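Colleague: Sharing a model prediction with you, sequence too.
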Amino acid sequence: LKDFPAEYAQPILDKMRVLHPPQEALVPEVTAREYSAESPINFILVGAAFFRKGGREILEVFEKLVRQEKLPLRLTIVSAMRIENYAAQETEADTVWAKKKIAENSDWITYYPELPNSETLDLMRKADVGLLPSYADTYGFSVLEFQACGLPVITTDIRALPEINNSTVGWLIKVPRNALGEALYATVEEREALSQAIRAGLEQIVREIASEPAQIAVKGAAALERIRRDHNPAAYADVLRQVYQPALRRG
């Protein structure tokens with residue numbers, strides 16, 4: 001609306017409300033725990049569109065950090081690995097590569113092609129850090145589910161993600177974007193630059209987490225509090241009533 005004359009933009013802005021989706025807290029509190037080689041940090045990715053959500057970059061970065069640097073990490077993946085003619089432009093060959101990579105690292109990667117939602121939420125509750133280093137997402141609802149389980153999340157800074165994730169409750173990876181917050185992925189060169197930015201940012205953040213794991217519980221507690229404050233279902237319903245009841249009375 002900043003491109004509209006002020007006499008049109010302001011009346012429209014005055015009528016607008018940003019109302020994020022409701023999400024109940026899924027755990028009562030966050031409890032800090034100790035991490036070691038015997039009790040590694042468990043990261044989790046959930047999403048059918050594996051490659052669009054940063055799956056390739058996750059596998060490459062985590063394999064390097066576990067195999068070469070011996071960091072105490074585990075990775076849980078729940079994904080159908082759906083092929084999309086969209087942001088990441090993956091092919092069947094990419095899916096074959098990913099499944100082979102997962103099989104080669106099955107001592108520290110747990111993979112589920114699909115699960116009932118209740119079982120997926122149980123996995124989230126047992127994990128430590130959520131992952132969504134996405135090329136593109138309409139919203140990123142799994143971030144809310146992670147946060148509702150008391151998990152801090154690593155995301156890119158695209159679209160709505162900076163509205164629901166920040167350095168207090170998680171970690172943001174800065175990537176090349178346009179003026180609307182959309183990542184640049186239209187060409188081969190743009191997709192490569194985006195992938196490189198995700199890999200570099202993810203590697204830096206995971207190293208930081210491994211060197212200072214106490215921040216997991218601190219950010220996780222802040223994430224859970226954010227869910228209770230900004231996504232409270234009762235408050236959401238109240239706002240909808242405030243919007244619709246006057247309109248119905250006028251009708």
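Modeller: Received it, and whenever you're ready, just let me know what you need.

Colleague: Only C-alpha atoms from now on, for both contacts and neighbour counts.
Modeller: OK.

Colleague: got the contact list for stretch 200-220?
Modeller: 30-33, 35, 41, 58, 61-62, 65, 71-72, 128-129, 133, 147, 150-152, 154, 168-171, 173-174 (Cα atoms under 8 Å, 6 or more residues apart in numbering).

Colleague: Now do it, average pLDDT.
Modeller: In this model, stretch 200-220 has a mean pLDDT of 98.

Colleague: what about it, how long is it end to end?
Modeller: Its start and end residues considered, stretch 200-220 measures 23 Å (Cα to Cα, to the nearest Å).

Colleague: same thing with stretch 222-236?
Modeller: Start-to-end, stretch 222-236 (Cα to Cα) is 20 Å.

Colleague: Ok, stretch 51-59 next?
Modeller: End-to-end span of stretch 51-59 (Cα to Cα): 10 Å.

Colleague: Measure how far it is from the centre of its chain, please.
Modeller: On the basis of Cα atoms, centre = their mean, to the nearest Å, stretch 51-59 sits 12 Å off its chain's mean C-alpha point.

Colleague: Now do that stretch: everything it contacts.
Modeller: Residues outside stretch 51-59 that contact it (Cα under 8 Å, 6+ apart) are 45, 47, 50, 81, 86-88, 90, 98, 101-102, 132-137, 195, 198-199, 202.

Colleague: buried subset of these?
Modeller: With burial judged by 16 or more other Cα atoms under 10 Å, the buried subset of these is 45, 47, 50, 81, 87-88, 90, 98, 101-102, 132-137, 195, 198-199, 202.

Colleague: returning to that earlier point: the contacts of stretch 200-220 in helices, which ones?
Modeller: 58, 61, 62, 147 (DSSP state H).

Colleague: who wins for neighbours among those?
Modeller: Neighbour counts for these peak at residue 147, which has 33 neighbours (criterion: other Cα atoms under 10 Å).

Colleague: Thank you, goodbye.
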